[in-house]
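no letters, just coordinates:
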């Protein structure tokens with residue numbers, strides 16, 4: 001960054017750039033990687049230095065690869081398209097632990113969605129009007145007397161040539177905003193869960209750099225997400241569909257590494273299945289809960305058991321892939337038509353491909369593990 005370069009500028013091809021980047025990181029590690037251990041020596045730490053390891057040492061890397069392959073063979077690691085925290089500058093999925101949410105000043109935009117019947121409108125309150133381009137429904141609480149008669153009807157999505165349904169779900173807080181919520185499953189984790197429950201389509205309106213893609217109307221394509229927001233608000237106002245704008249304090253998730261606002265993004269990633277039963281009939285989460293309940297693991301102070309139980313009983317599948325170059329590269333290879341072969345080495349992947357009847361070139365997955 002100080003040199004005005006990105007990692008992609010370090011070679012004529014992606015493969016060469018990656019090799020040169022990794023070599024530079026190793027060189028940096030040689031210079032600064034032993035700073036901590038030098039400090040430990042100066043402090044007089046009495047540790048067994050013969051047992052010192054670095055995460056990327058070959059011996060440890062072999063264990064990481066072996067573990068990945070075994071869990072994949074047990075069906076406990078899988079690849080799928082799901083909603084993850086996405087940093088559009090880092091261009092990678094990031095962990096929940098790397099996302100810091102802080103309260104900031106924002107706005108609550110109240111937008112009119114005309115009923116398709118032509119008889120009235122529903123007013124939706126949102127803090128992110130740009131995501132309306134990916135709306136697939138509007139949602140009310142099933143017991144909300146104001147809207148119960150409209151459940152099952154359709155509304156016209158402003159600025160888009162689409163009609164979307166009015167659905168009912170207990171997730172809606174009738175006291176927040178207008179009590180009517182837009183549903184954008186590809187750009188909000190709560191909406192994603194609603195979409196799964198109601199079998200709604202997923203419309204992703206952003207490229208990975210958070211510019212608007214071709215799923216959106218032509219007027220907004222290619223715009224940065226915040227420029228798209230400004231234009232959309234202007235167009236809604238011009239169309240007489242912007243009912244009200246209120247100042248609003250909201251939690252904004254930012255990446256701890258870059259300071260960028262994190263975008264929930266639908267991408268292909270690798271996951272560890274935390275609630276799926278393994279070969280012994282128990283899930284990873286169930287084993288972790290049992291270890292504490294049986295007394296095998298003890299918490300000090302004891303009240304932290306409650307926090308742990310809450311965490312384990314609400315555990316989501318763990319996204320373990322990152323779109324970075326420094327780390328353990330995922331041991332998976334793809335054929336020209338998307339065939340997938342997980343193996344301990346390229347030679348083993350070739351052998352597995354041949355055994356499966358595949359003849360052709362294999363390309364390794366470029367992602368690394370969340371080590």
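Cool, the structure landed. Predicted model, so just to flag it, every value in this text is computed and none were measured.

what's the helix or strand for residue 39?
Assigned by DSSP states H and E, residue 39 falls within helix 35-43.

what's in contact with the helix or strand just after that helix?
Downstream of helix 35-43, the next assigned helix or strand under DSSP H and E is helix 58-73. With Cβ atoms under 8 Å, 6 or more residues apart in numbering as the test, helix 58-73 has contacts from 53-54, 77-78, 272, 328, 330-331, 342-344, 369, 371. The C-beta positions use only the backbone N, C-alpha and C, and glycine is treated the same way.

so which bits of helix 58-73 are buried?
64, 65, 68, 69, 71, 72 (16 or more other Cβ atoms under 10 Å).

now swap in stretch 265-284 and tell me
Those would be 265, 266, 267, 269, 270, 271, 272, 273, 274, 283, 284, for stretch 265-284 by 16+ other Cβ under 10 Å.

how about stretch 187-195?
Those would be 187, 188, 191, 192, 194, 195, for stretch 187-195 by 16+ other Cβ under 10 Å.

any idea which helix or strand of this protein has the worst average confidence?
helix 35-43 (a mean of 91; mean pLDDT, DSSP states H and E).

mind checking how far the spatially most central residue of the chain is from residue 320?
Note on the chain: the residue nearest the mean C-alpha position is residue 84, at 0.8 Å, using Cα atoms, centre = their mean. Per Cβ to Cβ, to the nearest Å, residue 84 is found 11 Å from residue 320.

give me the common contacts of the two.
residue 269.

identify each buried residue in the lengthiest strand in the chain, please.
Ranked by number of residues, the top strand in the chain under DSSP state E is strand 99-114. Residues of strand 99-114 classed as buried: 108, 109, 110, 111, 112, 113 (neighbour count, 16+ other Cβ under 10 Å).

can I get those in CSV with pLDDT?
Converted to CSV, the buried residues of strand 99-114 look like this (pLDDT from 0 to 100):
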residue, pLDDT
108, 94
109, 96
110, 96
111, 97
112, 97
113, 98
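
nearest to residue 16 among those residues?
Residue 16 lies nearest to residue 109 out of these, by Cβ to Cβ, at 47.2 Å.

surely that closest one meets residue 125?
Yes - counting by Cβ atoms under 8 Å, residue 125 is a contact partner of residue 109 at 7.2 Å.

what are the boundaries of the strands in the stretch 151-300 of the chain?
154-157, 162-168, 180-183, 242-255, 263-272 (DSSP state E, counting those that start in this stretch).

quick one: average confidence on the longest helix anywhere in the chain?
Using DSSP state H to define each element, the chain has its longest helix at helix 14-32. Averaging pLDDT along helix 14-32 gives 94.

now stretch 68-82, how far from the chain's geometric center?
Its chain's average C-alpha position is 17 Å from that of stretch 68-82, according to Cα atoms, centre = their mean, to the nearest Å.

can you give me the end-to-end distance of that stretch?
Stretch 68-82 stretches 20 Å from its first residue to its last (Cα to Cα, to the nearest Å).

hang on, the earlier thing: so which bits of the least confident helix or strand of the chain are buried?
Buried, per 16+ other Cβ under 10 Å, within helix 35-43: nothing.

kindly report the same for stretch 364-371.
365, 367, 368, 369, 370.

buried residues in stretch 234-253?
Going by 16+ other Cβ under 10 Å, stretch 234-253 has these buried residues: 235, 236, 241, 242, 253.

which residues touch that stretch?
Against stretch 234-253 from outside (Cβ under 8 Å, 6+ apart): 85, 99-112, 114, 123, 127, 129, 158-159, 219, 233, 261-262.

start to end distance for it?
End residues of stretch 234-253 are separated by 25 Å (Cα to Cα).

what mean pLDDT does it have?
Over the span of stretch 234-253, the pLDDT mean works out to 96.

show me where this structure dips below the pLDDT cut-off.
Of all residues in the chain, none has pLDDT under 70.

which one in it is furthest away from the centre?
residue 44 (42.5 Å).

what's the neighbour count on the closest residue to the residue nearest to the centre of the chain other than its chain neighbours?
Distances taken as Cβ to Cβ, 6 or more residues apart in numbering put residue 93 closest to residue 84, at 4.3 Å, once the chain neighbours are dropped. Neighbour count of residue 93, defined by other Cβ atoms under 10 Å: 24.

so residue 93 touches residue 322, yeah?
Yes - counting by Cβ under 8 Å, residue 93 sits close enough to residue 322 to count as a contact (6.0 Å).

okay then, goodbye and thanks.
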